[in-house]
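# I'll drop the sequence and a predicted model, then ask my questions.
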Amino acid sequence: MTKYLLDVNVLVALALSEHEFHTSVAMWLRALHSDDGLMTCAITELGFVRVLTQLSQSELSIAGAKALLLQVKSGGKLKFAFLKDDHDASQLPGWVKTPKQTTDGHLAQLAKAHGATLATLDRSIPGTFLIPPK
């Protein structure tokens, strides 16, 4: 069994069929085994809601984005789990050197500490699973 903490960009791509990486994420998820696990955490869920409500073409409210997140998490053959975040800033990995890397480093370390891998579309995060393009 492999466990993946889904990055915000993966959740957004999965939820929006018009997203440029929607097909890539959907194909990757279809290829996973039924005993593989998907995870979200407070940061990834809040990031999803923030991003979707800020998109210029989106007219989603906070409530609408929350509903869409629940729909994403309940659809499909794979079950989602919520990963409690028990890490503070002292646990950031050594490769975090800039402010832009702090959340990525936190999520990668959080996943690792819970026997999971951060699944992302971001090539610049060390030690993660990069979802392959279609």
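Ah, there it is.

# next up, phi/psi of Asp35, please.
Note on Asp35: its backbone torsions stand at phi -90, psi 0 [degrees, to the nearest 10].

# correct me, but it touches Met1?
Yes - the pair Asp35 / Met1 is scored as a contact, 4.7 Å apart, by CB atoms under 8 Å. For every residue, glycine as well, the C-beta is placed using N, CA and C.

# just give the number of residues close to Arg50.
12 (other CB atoms under 10 Å).

# just give the number of residues close to Asp85.
14.

# tell me the secondary structure of it, please.
coil (DSSP: H, G, I helix; E, B strand; the rest coil).

# what's near enough to touch it?
The contact partners of Asp85, by CB atoms under 8 Å, 6 or more residues apart in numbering, come to Cys41, Ala42, Ile43, Leu110.

# any idea how far Val25 is from it?
Distance from Asp85 to Val25, counting by CB to CB, to the nearest Å: 23 Å.

# then Ala15?
9 Å.

# what's the answer for Gly115, then?
Distance, Gly115 to Val25, using CB to CB: 22 Å.

# please identify which of those two sits among more neighbours.
Taking other CB under 10 Å, Gly115 and Val25 do not tie; Val25 has more neighbours (22 against 10).

# that one contacts Val12, doesn't it?
No - contact criterion CB under 8 Å: Val25 and Val12 do not qualify, at 9.2 Å.

# just the strands in the chain please.
For the chain, the strands defined by DSSP state E cover 3-6, 37-40, 80-82, 117-120, 129-130.

# so which of the ones you listed comes closest to Lys66?
Checking these against Lys66 by CB to CB gives strand 37-40 as the closest, at 12.3 Å.
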